[in-house]
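# with the input below, show me the fold.
(chains A, B, C and D)
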There are 2 protein chains.
Amino acid sequence: MRQRATAVERLRAELLSELLDGTYPSGVKLPNEDELAERSGVSRATVREAVGGLVEAGYLTRRHGSGTFVTGTLPRRHALDTSVSYLSMIKEAGMTPGLVVLDQGEREASAEQADRLRVSVGEPLLRMERIRTADGRPVVYSVDLLPLRCLAGDPAQLDASLYNVLEQSGHVVRGASARLVPVVAEQRLADLLEVEAGTPLLHIDQVDFDGDGHPVMLSAEWHVADAFELHINRRAAPRATQAGDEHA
Amino acid sequence: MRQRATAVERLRAELLSELLDGTYPSGVKLPNEDELAERSGVSRATVREAVGGLVEAGYLTRRHGSGTFVTGTLPRRHALDTSVSYLSMIKEAGMTPGLVVLDQGEREASAEQADRLRVSVGEPLLRMERIRTADGRPVVYSVDLLPLRCLAGDPAQLDASLYNVLEQSGHVVRGASARLVPVVAEQRLADLLEVEAGTPLLHIDQVDFDGDGHPVMLSAEWHVADAFELHINRRAAPRATQAGDEHA
DNA sequence: GAGTGGTCTAGACCACCGT
DNA sequence: CGGTGGTCTAGACCACTCC
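Model (predicted):
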């Protein structure tokens, strides 16, 4: 199940560790790409790929002709496009995360759930209904569903993030497709999240995928709007060939 | 001002055109990477980079050992992480886009606006207040602010997308940082968007950046929730080196 | 085993930045 | 001008899929 990490992944993880432990503080210039390559015993192309991932994630900034620099301000830690674990998002926002399990049990997959998880109808699923808190205040109510056979070990031992549990079972979550829907809290949600009925909430309906692109978890979440800021970083889409590109 | 397109960009645009014009219909397998390379007169690395962008954008799917395939169904979705122009998003969703200009004028940058746009307080800004429609129905109300000096030509000639206008002025929008806030429509917004007061809306507060990373536009938008689906594709963040990666 | 994408190398030249 | 990132090449070997 475990696969040897690539040179790119190893170098990227090493660089990130050095960024986090202060070896390269904010604003400083990294060694140039040739030197990083030589130092790590890899080619420059490998360095560029490793560094590129950290640039995309916001840790580093490249300046053509000048160098590669550690990003001054902290990257958007709670950016919806990159982060996947709310536990770490809350922690990195400087708040104390908490978790209240409202319900934990086994369900059979409905037709729709089976379709989205690409399993058979009736497949046994673990269902977790929880509330996340930040500094004691409810911020997210969520219902997660995942196939029991994706889990190794004792399902009762589910203290940590479901992402960690999945990872220990050989399913590293590599990405997700999420649908965003603004809603207003009806009475039950309002009570759970300790807000007034009618308060605007952000509903996120999400499918998580592992490294092979297989769906491994369904998450339905309701976020309190002002608990902490939800950000996304957007990139321009690729563009087709068009006329008029060649004239002066 | 015009910069020669790279081989990667040219090939990517050419492939995208062929995807859109039906040369490669849904589900079919693309020629393999060696053949694409030879056919286009570039190296395989260049092909991989061009194709990789289209995979990220969701047009293509790679299957290790099998080939690269045209993504099956193009879902009607509003992918907030990749697209930046709503005009084209609405078009690509198969609906007819419309635009109603409520107000267009010049304002001086406030302290907060100047800070976010990195210009001086009082800098003249173009302000556009508009409503986008899809098949005649209001879907987005927006207020855009951008420095007048970012614009070339006649400011009265603003029929097209602001992104196009910026591009023709030498500021290609390459990305954006957006804050998402679920809200409920107060009376004025409800009237403008033809919904009832209290209807949940998604508010997006955004800064657009050009290729150099300089902010070029502020956008405040309010989206009708059920007009079409708002999606984001999430990717796992890079991870630092950790213990326990080497055991069997 | 043949075909394909996944990773990596060593080296080249270009474009941009600052002095 | 030297240093840096940006682009690209030609080729190699590996890992996976399917026949």
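
# CA atoms for contacts and neighbours, from now on please.
Will do.

# what does chain A have sitting close to DNA strand D?
A:3, A:30-34, A:45, A:62-68 (CA under 7 Å from any atom of the strand).

# up against DNA strand C, what does chain A have?
Counting by CA under 7 Å from any atom of the strand, chain A sits next to DNA strand C at A:5-9, A:41-46, A:63-66.

# by neighbours, which of those wins?
Among these, the one with the most neighbours (other CA atoms under 10 Å in any protein chain shown) is A:Thr46, at 21 neighbours.

# which strands or helices does the helix or strand where that residue lies pack on?
A:Thr46 belongs to helix A:44-56 when assigned by DSSP states H and E. Helices and strands touching helix A:44-56, by 3 or more CA pairs under 8 Å, 6 or more residues apart in numbering or on different chains; DSSP states H and E, are helix A:7-20, helix A:33-40, strand A:60-63.

# between the ones you listed, which gets nearest to A:Gly211?
helix A:7-20 (13.7 Å; CA to CA).

# helices or strands next to that closest one in the packing?
Helix A:7-20 packs on helix A:44-56, going by 3+ CA pairs under 8 Å, 6+ apart.

# now the helix holding A:Thr46: mean pLDDT?
Averaged over helix A:44-56, pLDDT sits at 93.

# what about it, distance to the chain center?
Distance, stretch centre to chain centre, for helix A:44-56: 20 Å (CA atoms, centre = their mean, to the nearest Å).

# what residues sit buried inside that helix?
A:44, A:46-55 (16 or more other CA atoms under 10 Å in any protein chain shown).

# for the helices and strands packed on helix A:44-56, give me a markdown table that also has mean pLDDT.
Output for these, formatted as a markdown table (pLDDT from 0 to 100):
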| stretch | mean pLDDT |
| --- | --- |
| helix A:7-20 | 92 |
| helix A:33-40 | 93 |
| strand A:60-63 | 90 |
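
# now, which of the residues of chain A next to DNA strand C sits nearest DNA strand D?
A:Gly65 (3.1 Å; CA to the nearest atom of the strand).

# okay, now the unreliable bits of chain A?
Scanning chain A for pLDDT under 70 picks out the ranges A:1-4, A:73-78, A:82-84, A:153-160, A:212, A:241-248.

# show me how it divides into domains.
Chain A breaks down into these structural domains: A:2-70, A:76-231 (assignment by automatic domain parsing).

# tell me if I'm right that A:Glu229 and B:Leu180 touch.
Yes: under the criterion of CA atoms under 8 Å, A:Glu229 makes contact with B:Leu180 at 7.3 Å.

# just checking, A:Leu166 is part of a helix?
Yes: looking at A:Leu166 with DSSP: H, G, I helix; E, B strand; the rest coil, it is inside a helix.

# that one reaches A:Leu148, doesn't it?
No: at 10.3 Å, A:Leu166 does not count as touching A:Leu148 under the criterion of CA under 8 Å.

# which one of those two has more residues nearby?
Using other CA under 10 Å as the criterion, A:Leu166 and A:Leu148 rank with A:Leu166 on top: 19 against 15.

# need the domains of chain A in TSV with distance to B:Tyr24, can you?
Formatted as TSV, these follow (distance: least, CA to CA, whole Å):
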stretch	distance to B:Tyr24
domain A:2-70	29
domain A:76-231	23
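
# most neighbours per residue, which of those?
Most buried of these by mean neighbour count (mean count of other CA atoms under 10 Å in any protein chain shown) is domain A:76-231; its value is a mean of 18.

# which stretches in chain A count as helices?
A:7-20, A:33-40, A:44-56, A:86-92, A:111-117, A:162-168, A:187-193 (DSSP state H).

# dump these to a markdown table, plus distance to A:Asp210.
Below are those laid out as a markdown table (distance: least, CA to CA, whole Å):
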| stretch | distance to A:Asp210 |
| --- | --- |
| helix A:7-20 | 17 |
| helix A:33-40 | 29 |
| helix A:44-56 | 18 |
| helix A:86-92 | 17 |
| helix A:111-117 | 12 |
| helix A:162-168 | 9 |
| helix A:187-193 | 30 |
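
# quick one: closest of these to A:Val100.
helix A:187-193 (10.7 Å).

# show me what that closest one is in contact with.
A:131, A:138-141, A:196-199, A:224 (CA atoms under 8 Å, 6 or more residues apart in numbering or on different chains).

# just the ones of those residues in strands?
A:131, A:138-141, A:224 (DSSP state E).

# touching, A:Pro147 and A:Leu125? I think so.
Yes: the criterion here is CA under 8 Å, and A:Pro147 meets it with A:Leu125 at 4.3 Å.

# that older thread, wait, which of the buried residues of helix A:44-56 is closest to A:Arg107?
Using CA to CA, the buried residues of helix A:44-56 come closest to A:Arg107 at A:Gly53, 38.4 Å.

# wait, isn't A:Ala178 in contact with B:Glu229?
No: in this structure A:Ala178 lies outside contact range of B:Glu229 using CA under 8 Å: 10.1 Å.

# for chain B, tell me which of the contacts of helix A:187-193 show up nearby.
Near chain B, judged by CA under 8 Å from any CA of the partner chain, the entries from the contacts of helix A:187-193 are A:198-199.

# quick one: the contacts of helix A:187-193 as JSON lines, columns for distance to A:Tyr24 too.
Shown next, in JSON lines, are the contacts of helix A:187-193 (distance: CA to CA, whole Å):
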{"residue": "A:Ile131", "distance to A:Tyr24": "37"}
{"residue": "A:Pro138", "distance to A:Tyr24": "36"}
{"residue": "A:Val139", "distance to A:Tyr24": "34"}
{"residue": "A:Val140", "distance to A:Tyr24": "34"}
{"residue": "A:Tyr141", "distance to A:Tyr24": "38"}
{"residue": "A:Glu196", "distance to A:Tyr24": "46"}
{"residue": "A:Ala197", "distance to A:Tyr24": "48"}
{"residue": "A:Gly198", "distance to A:Tyr24": "47"}
{"residue": "A:Thr199", "distance to A:Tyr24": "43"}
{"residue": "A:Val224", "distance to A:Tyr24": "36"}
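
# quickly check the contacts of helix A:187-193 for the two that are furthest apart.
Top of the distance list for the contacts of helix A:187-193 (CA to CA): A:Ile131 and A:Gly198, 19.0 Å.

# ok, A:Leu202 - contacts?
A:180-183, A:222-225, B:181-182 are the contacts of A:Leu202 under CA under 8 Å, 6+ apart.

# how near is the closest residue in space to A:Leu19 that isn't next to it in sequence to DNA strand C?
Nearest residue to A:Leu19 in three dimensions, chain neighbours excluded: A:Pro25, at 6.7 Å (CA to CA, 6 or more residues apart in numbering or on different chains). As for A:Pro25, its distance to DNA strand C is 19 Å (criterion: CA to the nearest atom of the strand, to the nearest Å).

# over to A:Thr71?
Counting by CA to the nearest atom of the strand, the gap from A:Thr71 to DNA strand C is 16 Å.

# ok, that residue - how many residues close by?
A:Thr71: 19 neighbours (other CA under 10 Å).

# I'd say it and A:Ser26 touch.
Yes: judged on CA under 8 Å, A:Thr71 makes contact with A:Ser26 at a distance of 5.9 Å.

# need the nearest residue in space to A:Ala79, chain neighbours excluded.
Closest to A:Ala79 by CA to CA, 6+ apart is A:His231, at 4.6 Å.
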